[in-house]
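A.B. asks: give me a 3D structure for the following:
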Amino acid sequence: MGLIHRFWSRKAFPTVSAVMPDAIRFGADKWEMHGLWYRSFLVVAYPREVQAGWFEPFLRFPRPLILTIFSGPVPIDSQLGSMNRSLLWNLGEEEANRRSGRLADPVRHTAIEDAERIRGKVARGETRLIETHLTATLWAESLEALDDASNLLMGLASGMLVVMRLLRYQQDVGLQRILPVFGRPSHPREMDAHAWATLFPYASQEIIHEHGQVWGTNAQTHSLVIVDRFQLPSPHSVTVAWSGAGKSFAAKLEILRTRYRGIPVKVLDPEGEYQVLEHIGAHIWKIGDPGNPEFPWDPFLIEPNDTPEETERQVDFLLRFVERLDPNIKQLTSTLERALWRIIRRHQSSTVFDKDNPLVFRQRSEIVCDDKLLLRELEAIDSAMSERIEAVIHRWRVLAPPGTKSGFDCEVFDLSRLTEKMKAAAYLALTEYIARTVAEVPRQLVVFDEAWHLLNDQTTALYLESLYRRARKWGTALALLTQDVGDFTRNKAAEVCLRNSPIVLLLRQHPESLAEVTQLMRLEAGEVELLNFAQRGQGILIVGDDHVPLNVLAAPHEVRLINMATAR
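C.D. replies: So this is what the prediction gives:
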């Protein structure tokens with residue numbers, strides 16, 4: 001007693017209000033305590049369907065908010081009995097409406113479907129019903145701030161299809177709910193266990209693939225985002241970001257980590273940003289370099305194949321490629337096509353019978369057509385045309401003479417020394433090269449930086465679409481990087497590429513293209529705000545139906561390696 005008396009005499013606890021307030025004032029729609037104003041709401045209805053992470057906007061509400069969740073299991077006998085009675089009642093009402101000729105009530109019909117579905121799951125033991133009672137209490141230092149927070153909360157609830165009611169003349173119930181001693185509330189809502197689990201922060205959306213690689217961290221939960229693109233139905237990806245938002249850094253980081261796993265990588269580099277990969281063993285094809293130009297293959301070749309469709313595709317590519325090198329030659333394309341098919345027919349007629357195996361025909365030559373055969377054939381048809389094509393071939397050979405066939409695990413095709421017209425031709429040639437060799441490396445990553453070079457033109461976009469389909473068949477992953485999401489809406493082939501890319505990385509967007517991104521990717525208001533104010537390396541990662549806010553994360557040695565070229 002003496003010790004307690006000394007504590008009180010020293011005024012360690014000056015008033016009882018340190019633990020319990022002297023008074024609480026209740027009004028019709030608010031209450032006041034300790035100089036702060038409070039207002040309580042009750043959730044009376046939830047969305048019909050919810051998924052992991054749907055409740056997070058409440059958890060990230062920008063004003064002071066107290067959420068009180070009461071939950072308890074419903075006995076199985078009570079669950080089935082209550083649901084059976086509800087079903088019988090609703091089915092009876094629906095049958096009565098039908099017999100009287102009245103239209104069916106869509107709300108009642110939907111309730112019957114949901115009840116039957118959940119009843120079946122409960123009967124099979126796949127889920128349980130849980131009583132849930134959710135109360136939200138706001139507090140603020142002034143009535144004006146409380147009203148603003150209330151309007152914001154009601155607007156958020158309405159947008160999330162949550163029906164929230166003000167506890168008018170029942171604000172004392174809101175106080176009781178935030179105390180740790182309140183009992184079982186009256187009239188709780190019932191939901192199944194899967195929906196109930198989404199109310200908690202640890203049920204937020206996460207992307208963690210087994211045997212994947214780290215893309216960054218989840219900005220909300222700070223957990224790692226681990227993606228294995230090769231385990232998805234389609235391994236392709238699209239990255240859309242404003243200039244300076246960090247899309248090239250994110251691409252280099254993925255290339256590094258892909259090489260950690262021993263997976264081959266090819267990069268089409270129009271601006272010379274990926275030469276730093278030479279430090280990890282990449283071979284740099286210096287296309288257009290005056291000192292030592294080289295190209296991995298000869299685009300003027302037509303190679304033997306097993307199907308007429310492939311021969312026709314190769315002929316079509318060569319015609320388009322020549323048009324890229326000299327757009328004015330388009331009116332003479334028919335002459336060039338006639339010369340090519342004459343060469344092919346002669347080659348096909350030169351097949352010989354293999355005496356050792358009567359079921360096999362052996363080709364006399366490993367090459368159907370090359371530039372020399374083409375020029376010789378054109379000379380016999382039109383000498384002026386032959387001279388013009390020879391000039392086109394010479395112009396290409398100066399910039400990109402064919403080198404030794406590639407056998408490297410990491411390759412960078414540097415196009416920075418080419419003009420815009422020659423870049424477009426080189427992009428087309430490299431796309432065809434990858435399409436012809438995709439079966440040689442069944443699992444690899446191919447990165448197309450500044451992919452608008454291909455997407456903005458209907459002809460080249462068609463080749464990219466064909467490569468998309470062929471690459472998926474052989475397990476090759478294509479990664480397209482561009483600054484404008486509109487590049488994927490300018491033609492049907494580009495739209496097909498976007499639809500066949502289950503992975504989409506959105507970093508900071510240009511303000512004028514943000515509305516188009518929102519509509520195309522079906523983003524929510526919070527995601528749009530994140531993209532509008534994102535810092536470098538921040539954005540949204542979409543994998544299938546999962547959306548997570550992403551912070552691109554790199555180790556210090558990775559940052560040094562990626563920035564090595566900039567430092568030089």
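
A.B. asks: low-confidence regions, the stretch 51-200 of the chain specifically.
C.D. replies: Within the stretch 51-200 of the chain, the ranges that satisfy pLDDT under 70 run 52, 76-83, 123, 180-184, 187, 200.

A.B. asks: all strands for it, in order.
C.D. replies: In the stretch 51-200 of the chain, the strands defined using DSSP state E, counting those that start in this stretch lie at 65-73, 129-140, 163-166, 189-192.

A.B. asks: equivalent analysis for the stretch 451-568 of the chain, please.
C.D. replies: Along the stretch 451-568 of the chain, counting by DSSP E, counting those that start in this stretch, strands occupy 477-482, 503-506, 538-543, 546-552.

A.B. asks: closest to Glu558 out of the strands of the stretch 51-200 of the chain?
C.D. replies: Distance to Glu558, taken as CB to CB, is lowest for strand 65-73 among these, at 39.1 Å. Where C-beta positions appear, they are placed from N, C-alpha and C, glycine not excepted.

A.B. asks: elements contacting that closest one?
C.D. replies: Strand 65-73 sits against helix 56-59, strand 129-140, helix 171-178, with contacts defined as 3 or more CB pairs under 8 Å, 6 or more residues apart in numbering; DSSP states H and E.

A.B. asks: list the contacts of that strand.
C.D. replies: Contact with strand 65-73 is made by 58-59, 128-139, 149, 153, 177-178, 184-185, 188, 196, 199, as judged by CB atoms under 8 Å, 6 or more residues apart in numbering.

A.B. asks: could you do stretch 448-464 as well?
C.D. replies: Residues outside stretch 448-464 that contact it (CB under 8 Å, 6+ apart): 248, 251, 267-271, 273-274, 317, 320, 423-424, 427-428, 431-432, 435, 478-484, 487-488, 490-491, 493-494, 497.

A.B. asks: filter those to the buried ones?
C.D. replies: Among the contacts of stretch 448-464, those scoring as buried are 248, 251, 267-270, 273-274, 317, 320, 423-424, 427-428, 431-432, 435, 478-484, 487-488, 490-491, 493-494, 497 (criterion: 16 or more other CB atoms under 10 Å).

A.B. asks: any idea of the pLDDT on the residue most central in space within the chain?
C.D. replies: Closest residue to the average C-alpha location of the chain: Val504 at 2.3 Å, with CA atoms, centre = their mean. Per-residue confidence (pLDDT) for Val504: 94.

A.B. asks: hey, what's it bridged with?
C.D. replies: For Val504, the beta-bridge partners are Val238, Ile542 (DSSP bridges).

A.B. asks: which ones are touching it?
C.D. replies: If you count contacts by CB under 8 Å, 6+ apart, Val504 has them with 237-240, 498, 521, 541-542.

A.B. asks: rerun that using 10 Å as the cut-off
C.D. replies: Residues counted as contacts of Val504 (CB atoms under 10 Å, 6 or more residues apart in numbering) are 237-240, 485, 498, 517, 520-521, 539-544, 547.

A.B. asks: buried among those? Make that a PyMOL selection.
C.D. replies: To isolate the buried members of the contacts of Val504 in PyMOL, using 16+ other CB under 10 Å:
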select buried, resi 237+238+239+240+485+498+517+520+521+539+540+541+542+543+547
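
A.B. asks: Tyr169 is in contact with Asp29, isn't it?
C.D. replies: Yes: with contact defined as CB atoms under 10 Å, Tyr169 reaches Asp29; the gap is 8.1 Å.

A.B. asks: which non-adjacent residue is nearest Ser40?
C.D. replies: Nearest residue to Ser40 in three dimensions, chain neighbours excluded: Gly174, at 2.2 Å (CB to CB, 6 or more residues apart in numbering).

A.B. asks: that neighbour: neighbour count?
C.D. replies: 24 (other CB atoms under 10 Å).

A.B. asks: where's it relative to Asp148, distance?
C.D. replies: According to CB to CB, to the nearest Å, Gly174 stands 19 Å off from Asp148.

A.B. asks: tell me which of the helices and strands packed on strand 65-73 sits most buried.
C.D. replies: Most buried of the helices and strands packed on strand 65-73 by mean neighbour count (mean count of other CB atoms under 10 Å) is strand 129-140; its value is a mean of 21.

A.B. asks: how about the CA coordinates for that one, as PDB?
C.D. replies: Extracted as PDB, the C-alpha positions of strand 129-140 are listed here (Å, rounded to 0.1, in the frame of the first residue of the first chain):
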ATOM      1  CA  LEU A 129     -19.700 -20.900 -43.800                       C
ATOM      2  CA  ILE A 130     -18.400 -18.300 -41.500                       C
ATOM      3  CA  GLU A 131     -20.300 -15.600 -39.700                       C
ATOM      4  CA  THR A 132     -18.700 -12.200 -40.400                       C
ATOM      5  CA  HIS A 133     -19.500  -8.800 -39.000                       C
ATOM      6  CA  LEU A 134     -17.500  -5.800 -40.200                       C
ATOM      7  CA  THR A 135     -17.500  -2.400 -38.600                       C
ATOM      8  CA  ALA A 136     -15.500   0.600 -39.900                       C
ATOM      9  CA  THR A 137     -14.900   3.600 -37.600                       C
ATOM     10  CA  LEU A 138     -13.300   6.800 -38.800                       C
ATOM     11  CA  TRP A 139     -11.800   9.500 -36.500                       C
ATOM     12  CA  ALA A 140     -10.600  13.000 -37.200                       C
END
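
A.B. asks: break the protein into its domains for me.
C.D. replies: Domains of the chain are assigned by automatic domain parsing as 2-74+128-200, 213-291+410-567, 298-401.

A.B. asks: identify whichever of the ones you listed lies nearest to Ile207.
C.D. replies: So among these, domain 213-291+410-567 is nearest, using CB to CB, at 5.1 Å.

A.B. asks: which residues touch Ile178?
C.D. replies: If you count contacts by CB under 10 Å, 6+ apart, then Ile178 has 38, 40, 66-68, 135, 137, 139 around it.

A.B. asks: my error: substitute Ala145 in the last question.
C.D. replies: By CB under 10 Å, 6+ apart, the neighbours of Ala145 are 37, 63-64, 138-139.
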